[in-house]
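Chemist: Just need the structure, nothing else, for what follows:
(chains A and B)
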Amino acid sequence: MLSTLKKYLYNNVYINILQSSNNINVYVEEISYNGSSENFEKNFKSSERSAMLEFVVANMKRSPINYVSILDPSLTQGAAPACTPKEIEKYCDLEEYEYVCVDDSWSYYTSKFDLLELKGRYNKTGLDFVFSPFYMLENFYKDKVKGEISLFILVNEDYMSLSIFEKSNLKYASLLDLQQESESDDELIMDEDDEEELILDEIQSNSVDLEGIDVDDDIEGLDDFDDLDDLDGFDDLDDFEDSEDLDETYEDNDKPVEDIIEGDTFGDDYHRFALIQSAVNNFYKDPKFDSEFIQHAYIADGISLSPEFKRFLEEEMFLNVVIRKIDIEQELCDLAKVEKK
Amino acid sequence: MRYSYIKPRKKSLLTPEMKLLFAFFSMSIVMLMGTYVFLLYKDVMFIEDKKNIAEKKEILKKNIKDMEEKIAYIEQQNNTSAKIFTQNAVLKDSIKNLFDLVPQRITLSRAKLLENGLILYGITPNKDIYNFMLNAPLRSIFHKTYSSFYPADGGWLRFVSTNYMDDDEFANLKVDNMENKDE
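Modeler: Model (predicted):
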């Protein structure tokens, strides 16, 4: 009865915070009892932290039934293909990490210290939900993770959460910090004279060493590797391009490479590509992981990637790439709505 | 479902506005309840008073009835006393008239007043004195007169005079006497 009263008396206000090193985006959605919703968004610079907190507090006052959600910004978070504490211990120290198990199959974790620090940072407003980007990614591509082994990447401003799923089972996960190595990469890419040469060197050094892959002959799925011959013709890719998923990809692939190189985002996109390549290489090489050749990559694009990013993945890593735009704040809001129930 | 690292905080419905609203409604309800209880009390008291007044009314009615009965009785007593007084007055007048009728030479020894008659006992020197001086006025008053004589010492005669009036005449006379007395 009380819940019914609450439902009719107050609207549900979901305040979703997405913070990065430069910006903090606050997305507010207010849902009334009849299901109609009102939403708005406001962007703050990192320096406008107090203004952001005031904005959140002001929106919290709209209704006592308010939920403040945030996407975990911790760079120490990760995911593990295990659900029992004993197995998870192989990936993180459970005394220092908090973890959540998903479907008794895999789990994601984050540092308890970072969580406390995050709670302290939002002490003025309080937090109701802290979601992992790994779970968001899995939830976003829920229809795809059930299929054959594929690479899933959530591209955020500061980091990328990379995970490899096969039939809903997590095989590998890694959080790729874009901030950490940006300075060195900037130096590498912005060298005017040897720019393209250095790029090629970088690609070669990070390229996937297919010979180094541990091939398990017992895995039936590897029979499909015979199809790799087809990659020479790229005929199948035509079919792929006709698929519905491709409608979501960028269509300006015909733009000359030179033009892209001159673009501002090229360096960042290449850096992202390099990190992904390195992570996938690690998956292939590390005997800890039961690796198989990955043919498909599903990218959840939260920052508007350039078409070159897709081209890098397709041409350098032989991946069928599907890029689907994701509004991370809205996705966060959807997770909060489900979690609230 | 728990996919968040932390649990959501408990949501309280008691916002300052709601507190004010609840305070207002609570006060209103308390006042309404107070008024209701007061009216209920007054209603009970009114019914009680009404019952008491009805009982008092019944008692008063009964008292009035008793009083009326007493008044009627007193009036009856009054009438009776007046009647007796009248009768006594009539009797007194009758006795006075009777003694006025008796001449000095005749001595009455006994007189018996009846409802519609008079019996006189006495002594007379002789019959003539009796007949002329006493019997004559008696005959004018009464319709039937009987006289008996017995010899006494010294030649005197003892007499018994019995006198009656007719019933109708007696009634008329009685009424006349009453009217005269009332006047």
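Chemist: partner strands of the strand or helix carrying residue B:123, parallel or antiparallel?
Modeler: Assigning secondary structure by DSSP states H and E places residue B:123 in strand B:117-124. Applying DSSP bridges to the sheet, strand B:117-124 is found paired with strand B:107-113 (antiparallel), strand B:157-164 (antiparallel).
Chemist: Other residues contacting the longest one?
Modeler: To tie it back to what came earlier, the one meant is strand B:157-164. When contacts are defined by C-beta atoms under 8 Å, 6 or more residues apart in numbering or on different chains, strand B:157-164 is touched by residues B:109, B:114, B:116-127, B:130, B:134-135, B:138, B:141-152. Where you see a C-beta, it was placed from the backbone N, CA and C, and this is true even at glycine.
Chemist: ditto for the shortest one
Modeler: With contact meaning C-beta under 8 Å, 6+ apart, strand B:107-113 is reached by B:91, B:94-95, B:98-99, B:102, B:118-124, B:158.
Chemist: By residue count, what's the longest helix in chain B?
Modeler: helix B:16-101 (DSSP state H).
Chemist: ditto for chain A
Modeler: helix A:266-285.
Chemist: any idea of the pLDDT on residue A:234?
Modeler: On the pLDDT scale, residue A:234 is placed at 40.
Chemist: how about residue A:325, phi and psi?
Modeler: Here is the backbone geometry of residue A:325 (degrees, to the nearest 10): phi -70, psi 140.
Chemist: Which pLDDT value goes with it?
Modeler: pLDDT at residue A:325 comes out at 92.
Chemist: Now list the buried members of the contacts of strand B:157-164.
Modeler: With burial judged by 16 or more other C-beta atoms under 10 Å in any protein chain shown, the buried subset of the contacts of strand B:157-164 is B:116-118, B:120, B:122-124, B:130, B:134-135, B:138, B:142, B:145, B:147.
Chemist: what's the farthest-apart pair in these?
Modeler: By the measure C-beta to C-beta, B:116 and B:123 form the most distant pair in the buried ones among the contacts of strand B:157-164, at 25.9 Å.
Chemist: Identify the bridge partners of residue A:154.
Modeler: Beta-bridge partners, per DSSP bridges, of residue A:154: residue A:161, residue A:300.
Chemist: Sorry, slip of the keys, the one I care about is residue A:109.
Modeler: Bridge pairing for residue A:109 - DSSP bridges - gives residue A:78, residue A:99.
Chemist: Up against chain A, what does chain B have?
Modeler: Residues of chain B found near chain A (C-beta under 8 Å from any C-beta of the partner chain) are B:1-6, B:8-9, B:11-15, B:18.
Chemist: Return the subset of the residues you listed lying in strands.
Modeler: Judged by DSSP state E, strands contain none of the residues of chain B next to chain A.
Chemist: one step back: check the strands paired with strand B:117-124 for me and report the most buried one.
Modeler: Comparing the strands paired with strand B:117-124 by mean neighbour count (mean count of other C-beta atoms under 10 Å in any protein chain shown), strand B:157-164 ranks first with a mean of 18.
Chemist: Distance from that one to the middle of the chain?
Modeler: 43 Å (C-alpha atoms, centre = their mean, to the nearest Å).
Chemist: Over to stretch B:27-42?
Modeler: That offset, for stretch B:27-42, works out to 55 Å (C-alpha atoms, centre = their mean).
Chemist: Could you report the neighbour count for the residue in the stretch 201-341 of chain A positioned nearest to chain B?
Modeler: The minimum distance from the stretch 201-341 of chain A to chain B, using C-beta to the nearest C-beta, falls at residue A:339 (5.4 Å). Burial of residue A:339 is recorded as 18 neighbouring residues (other C-beta atoms under 10 Å in any protein chain shown).
Chemist: Spell out which helix or strand contains it, please.
Modeler: helix A:328-340.
Chemist: quick one, helices of the stretch 1-150 of chain A?
Modeler: A:2-9, A:49-60, A:85-88, A:112-121, A:133-140, A:142-145 (DSSP state H, counting those that start in this stretch).
Chemist: before we move on, the earlier item: before we move on, what's the pLDDT of the residue of the stretch 201-341 of chain A closest to chain B?
Modeler: 88.
Chemist: before we move on, what about residue B:77?
Modeler: pLDDT, residue B:77: 91.
Chemist: Same check on the one 3 residues further on?
Modeler: Residue B:80 is assigned 90 on the pLDDT scale.
Chemist: what do you get for residue A:177?
Modeler: Reading off the model, residue A:177 has pLDDT 87.
Chemist: tally of neighbours for it?
Modeler: Residues near residue A:177, counting by other C-beta under 10 Å, number 14.
Chemist: ok, it touching residue A:157?
Modeler: No - here residue A:177 does not reach residue A:157: they are 11.6 Å apart, not a contact under C-beta atoms under 8 Å.
Chemist: thinking again about what came up before, and which of the contacts of strand B:107-113 is nearest to residue B:45?
Modeler: residue B:91 (65.5 Å).
Chemist: how close does the closest one get to chain A?
Modeler: Distance of residue B:91 to chain A, given as C-beta to the nearest C-beta, to the nearest Å: 103 Å.
Chemist: could you list every residue that touches that residue?
Modeler: Neighbours of residue B:91 in contact, by C-beta under 8 Å, 6+ apart: residue B:113.
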